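Student: Take this sequence and fold it.
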Amino acid sequence: MCLYLLRYFQVNNNGHLTFNASYDSYSPQRFPLYGSRDLIAPFWTDLDNRRSGSVLYNQYTNGSVLQQATRDINSYFPNLSFSADLVFVATWYEVAYLSMTGTKTTFQAVLISGGQKSFVLFNYGSIASATQSVQAGYDTINSIHHFTIPGSFSSSATGNNSTFSLSSNVNVTGRWAFQVDSGPEGSLYPMDGTASSRSDDGSSPQIHLQRPFAYFGKTYNSIYVNHNGHLTFDAPYSAYLPQRFPLYGPIDLIAPFWTDLDNRQTGSVLYNQYTNGSVLQQATRDINSYFPNLNFSADWVFVATWYEVAYLSMTGTKTTFQAVLISGGQKSFVLFNYGSIASATQSVQV
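Tutor: Next up, the predicted model:
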């Protein structure tokens with residue numbers, strides 16, 4: 001998405017933005033759409049600005065708005081050293097719901113660009129009570145990337161105590177922030193750390209965990225990163241032929257991409273763990289975004305990355321994915337992140 005192509009950019013009255021053509025849809029749909037357009041929807045519902053309210057837009061290439069955007073992005077996405085050079089602000093100001101002339105709802109979409117990085121902020125002011133469905137989030141062509149603000153697409157999302165006005169994924173009430181510049185690998189956590197050996201069907205050595213990890217009633221203090229796309233706790237596991245779950249076996253297994261991989265000539269299997277810094281901040285933001293109302297704070301993150309590994313006997317293939325284990329207090333989570341996945345006819349279990 002290129003924010004400089006604003007001549008191909010539309011601010012649609014019903015609470016969404018599109019790029020290549022206007023879009024008059026007033027009936028929100030659940031994401032993913034699997035459609036043919038990129039869509040940014042801060043508040044997609046049936047709005048009517050004919051009698052009251054305004055739909056406004058402006059762009060900035062210098063001045064205080066760029067300074068504000070730069071501060072905000074560096075606060076929400078630390079360690080990027082980001083500097084905004086373009087900000088586009090679309091505001092739906094005190095617009096009414098259709099056939100509800102007295103209602104007033106205010107919200108914004110803020111598109112921010114600088115260098116190779118771009119971001120979208122959703123800002124919510126007063127949201128009028130209604131029984132209308134609302135979709136909020138973003139959806140890309142064929143839904144390669146999509147996100148829905150938790151609690152939207154429901155009439156209960158609107159009102160004086162609305163999901164939008166009181167929630168956030170960056171601890172700023174009424175604001176949601178997203179980085180949108182990257183392709184599939186934009187979702188990946190840092191790809192660094194200790195490299196496992198180059199060996200077909202191999203595994204890392206036993207890795208001592210700096211925090212205990214609670215996994216469905218068990219607590220583990222060590223882990224193995226197995227080269228064929230899975231993690232185990234008690235012992236390494238060399239199985240390269242994926243099996244359907246449930247296994248009914250004696251082993252606890254986390255499999256982001258279980259298939260026959262070979263890192264002997266190309267690619268790397270990496271692992272790292274974090275107990276402070278920006279990775280914990282990122283994990284905290286992510287978990288609170290995906291599991292709202294937990295007030296979660298990460299105190300430990302373990303990242304296993306299979307970076308550009310090849311399928312067996314297919315040296316030219318490159319596949320990248322991650323398993324991210326996150327712990328804080330009594331709660332623990334697992335994220336699967338996927339970058340570029342090479343085409344193949346192999347079976348995969350996830």
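Student: which residues of the stretch 101-250 of the chain score low on pLDDT?
Tutor: Scanning the stretch 101-250 of the chain for pLDDT under 70 picks out the ranges 143-144, 155-156, 159-161, 182-187.
Student: in it, which spans are strands?
Tutor: With strands called from DSSP state E, counting those that start in this stretch, the stretch 101-250 of the chain shows them at 117-124, 135-139, 146-148, 175-179, 194-195, 207-215, 218-226, 230-232.
Student: which one of the ones you listed is the most hemmed in?
Tutor: With neighbours taken as mean count of other CB atoms under 10 Å, these reach their highest mean count in strand 135-139, at a mean of 25. (Glycine included, C-beta is placed from N, CA and C.)
Student: Count the neighbours of Ala239 for me.
Tutor: 18 (other CB atoms under 10 Å).
Student: That one reaches Asn228, doesn't it?
Tutor: Yes - the pair Ala239 and Asn228 qualifies as a contact (CB atoms under 8 Å) at a distance of 6.6 Å.
Student: Show me the common contact partners of those two, please.
Tutor: Trp258 (CB atoms under 8 Å, 6 or more residues apart in numbering).
Student: circling back to that earlier point, got the strands of the stretch 101-250 of the chain as JSON lines, with distance to Asp85 columns?
Tutor: As requested, the strands of the stretch 101-250 of the chain are exported to JSON lines (distance: least, CB to CB, whole Å):
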{"stretch": "strand 117-124", "distance to Asp85": "10"}
{"stretch": "strand 135-139", "distance to Asp85": "22"}
{"stretch": "strand 146-148", "distance to Asp85": "25"}
{"stretch": "strand 175-179", "distance to Asp85": "16"}
{"stretch": "strand 194-195", "distance to Asp85": "37"}
{"stretch": "strand 207-215", "distance to Asp85": "40"}
{"stretch": "strand 218-226", "distance to Asp85": "40"}
{"stretch": "strand 230-232", "distance to Asp85": "41"}
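Student: Quick one: closest of these to Pro78.
Tutor: strand 175-179 (12.3 Å; CB to CB).
Student: the inter-axis angle of the closest one versus strand 117-124?
Tutor: Relative orientation of strand 175-179 and strand 117-124, computed by axes from the mean of the first three to the mean of the last three CA atoms, to 10 degrees: 160 degrees.
Student: Is the closest residue to Gly193 other than its chain neighbours bridged to anything, and to what?
Tutor: By the measure of CB to CB, 6 or more residues apart in numbering, the closest residue to Gly193 outside its immediate chain neighbours is Asn272, 2.7 Å from it. Asn272 forms beta bridges with Val303, as assigned by DSSP bridges.
Student: can you check Thr148 too?
Tutor: Beta-bridge partners of Thr148, as defined by DSSP bridges: Gly137.
Student: Same check on Leu17?
Tutor: Val11, Ile40.
Student: In contact with it: list those residues for me.
Tutor: Contacts of Leu17 by CB under 8 Å, 6+ apart are 9-11, 39-41, 90, 109, 111.
Student: now with 7 Å?
Tutor: For Leu17, the contact set (CB atoms under 7 Å, 6 or more residues apart in numbering) comprises 10-11, 40, 90, 109.
Student: hang on, isn't Ser162 packed against Ile127?
Tutor: Yes - at 4.3 Å, Ser162 and Ile127 qualify as touching, with contact defined as CB atoms under 7 Å.
Student: what residues are up against the residue in the chain sticking out farthest from the centre?
Tutor: In the chain, Arg51 marks the outermost C-alpha relative to the chain mean, sitting 37.7 Å out by CA atoms, centre = their mean. Residues near Arg51 by CB under 7 Å, 6+ apart: Thr101.
Student: isn't Thr140 right next to Ile40, touching?
Tutor: No - with contact defined as CB under 7 Å, Thr140 does not reach Ile40; the gap is 9.7 Å.
Student: would you list every one of the helices in the stretch 151-300 of the chain?
Tutor: Counting by DSSP state H, counting those that start in this stretch, the stretch 151-300 of the chain has helices at residues 163-166, 278-290.
Student: contacting residues around the last one?
Tutor: Looking back up the chat, that one is helix 278-290. 78-79, 169-170, 189-190, 274, 294, 296-299, 301, 326, 333, 335.
Student: how far is that helix from where the chain is centred?
Tutor: Distance of helix 278-290 from the chain centroid (CA atoms, centre = their mean, to the nearest Å) equals 10 Å.
Student: Same question for stretch 51-66.
Tutor: 27 Å.
Student: So for that stretch, what gets flagged as buried?
Tutor: 53, 55, 57, 60, 65-66 (16 or more other CB atoms under 10 Å).
Student: Among those residues, which lie within helices?
Tutor: 65-66 (DSSP state H).
Student: any chance of the buried residues of stretch 51-66 in JSON lines, with distance to Met100 and pLDDT too?
Tutor: Shown next, in JSON lines, are the buried residues of stretch 51-66 (distance: CB to CB, whole Å; pLDDT from 0 to 100):
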{"residue": "Gly53", "distance to Met100": "11", "pLDDT": "86"}
{"residue": "Val55", "distance to Met100": "17", "pLDDT": "90"}
{"residue": "Tyr57", "distance to Met100": "24", "pLDDT": "89"}
{"residue": "Tyr60", "distance to Met100": "33", "pLDDT": "93"}
{"residue": "Val65", "distance to Met100": "32", "pLDDT": "93"}
{"residue": "Leu66", "distance to Met100": "37", "pLDDT": "94"}
